[in-house]
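J.: The amino acid sequence is not available; the structure is as follows:
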């Protein structure tokens, strides 16, 4: 048995989508009911760590629009996906907020074994703008300082695993890993929680060696875009390895025994410090009933895989 979790935004039901459009009187209760349902589904699947389904988050950056010196601007497509995010302009002298932007947008009923997802600084800087910090490197480092305050607050309230979402590291052909490393060191130095950098929306086969040198506890891979054969060429003896085995962009339900075999083969070749399985990215790309099934299958895969 190995550990497991999901990350990112979950799908809203058709009822919740319609209620959101009409801003019905029961909207808040519907959000709460579906949030509790997804949390219960993760518990029932015996996932190692439970996450908030983030149903009120329109994108993974949106809570930061509440910072006093941030201005929401245009909608922009998330890479080549059919979803959008609101571009934020960071205009002030100081990016650090009160340290509870993320935590105040998470459900208070999460169990003790809880995990939270937050965009890592490089991705944040790539997808947003700043009138104060003209150099992307300076913007990235200052975003890291802002995110560290947020993460400290999460850890103090009991979050054991912090997922650092890194689609830009996967998608961009050119990545300054020196800047990425400096920014991540600000986030992870002395942190009393595990940090797992998740890459998705691109093949990182040629970047794995650079990723392994980053100051994080572990790495997560979307194996629909980064082949398992590429991951298996590397040793993860001092890193947690998370295999994104559940495809969040396809309604086909994974076959547990096939997935267990694949995870065991990856672990046998990479010999990770710890082994986790997860979704490959946000479940919001499949309907609710499929998301529920995939959560259950993820738990079955984790229970069936060999410990490392």
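T.: It's in. Since this is a predicted model, take the numbers as computed values, not measurements.

J.: switch to C-alpha atoms for all contacts and neighbour counts from now on
T.: OK.

J.: which residue ranges form the helices in the stretch 1-150 of the chain?
T.: Using DSSP state H, counting those that start in this stretch, the helices of the stretch 1-150 of the chain run over 14-22, 27-44, 121-127, 136-156.

J.: Save these as TSV, and put in mean neighbour count and distance to residue 198 too.
T.: Below are these laid out as TSV (neighbours: other C-alpha atoms under 10 Å; distance: least, C-alpha to C-alpha, whole Å):
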stretch	mean neighbour count	distance to residue 198
helix 14-22	14	28
helix 27-44	17	20
helix 121-127	22	11
helix 136-156	20	16
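
J.: Of all those helices, which one is nearest residue 260?
T.: helix 27-44 (18.7 Å; C-alpha to C-alpha).

J.: The closest one - contacts with which helices or strands?
T.: Counting contacts by 3 or more C-alpha pairs under 8 Å, 6 or more residues apart in numbering; DSSP states H and E, helix 27-44 is packed against helix 14-22, helix 288-304.

J.: and those as a markdown table, adding distance to residue 100?
T.: Conversion of those to a markdown table gives the following (distance: least, C-alpha to C-alpha, whole Å):
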| stretch | distance to residue 100 |
| --- | --- |
| helix 14-22 | 25 |
| helix 288-304 | 28 |
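
J.: just for the stretch 51-200 of the chain, where's the confidence low?
T.: Scanning the stretch 51-200 of the chain with the threshold set as pLDDT under 70 gives 93-94, 96-98.

J.: can you redo the helices of the stretch 1-150 of the chain as TSV with distance to residue 227?
T.: Output for those, formatted as TSV (distance: least, C-alpha to C-alpha, whole Å):
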stretch	distance to residue 227
helix 14-22	34
helix 27-44	27
helix 121-127	22
helix 136-156	29
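
J.: so which of the helices and strands packed on helix 27-44 comes closest to residue 115?
T.: helix 288-304 (15.2 Å).

J.: residues of the closest one that come out buried?
T.: For helix 288-304, burial by neighbour count (16 or more other C-alpha atoms under 10 Å) applies to 288, 290-304.

J.: Widest-spaced pair of those?
T.: Greatest spatial distance among the buried residues of helix 288-304 (C-alpha to C-alpha): 288 and 304, at 24.7 Å.

J.: Tell me where the stretch 201-308 of the chain has helices.
T.: Using DSSP H, counting those that start in this stretch, helices in the stretch 201-308 of the chain cover 208-212, 228-231, 256-270, 288-304.

J.: mind putting the ones you listed in TSV, mean pLDDT and distance to residue 114 included?
T.: What follows is those, written out as TSV (pLDDT from 0 to 100; distance: least, C-alpha to C-alpha, whole Å):
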stretch	mean pLDDT	distance to residue 114
helix 208-212	98	25
helix 228-231	98	27
helix 256-270	98	23
helix 288-304	98	15
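
J.: can you tell which of these is closest to residue 196?
T.: Ranking the helices of the stretch 201-308 of the chain by proximity to residue 196 (C-alpha to C-alpha) places helix 208-212 first, at 11.1 Å.
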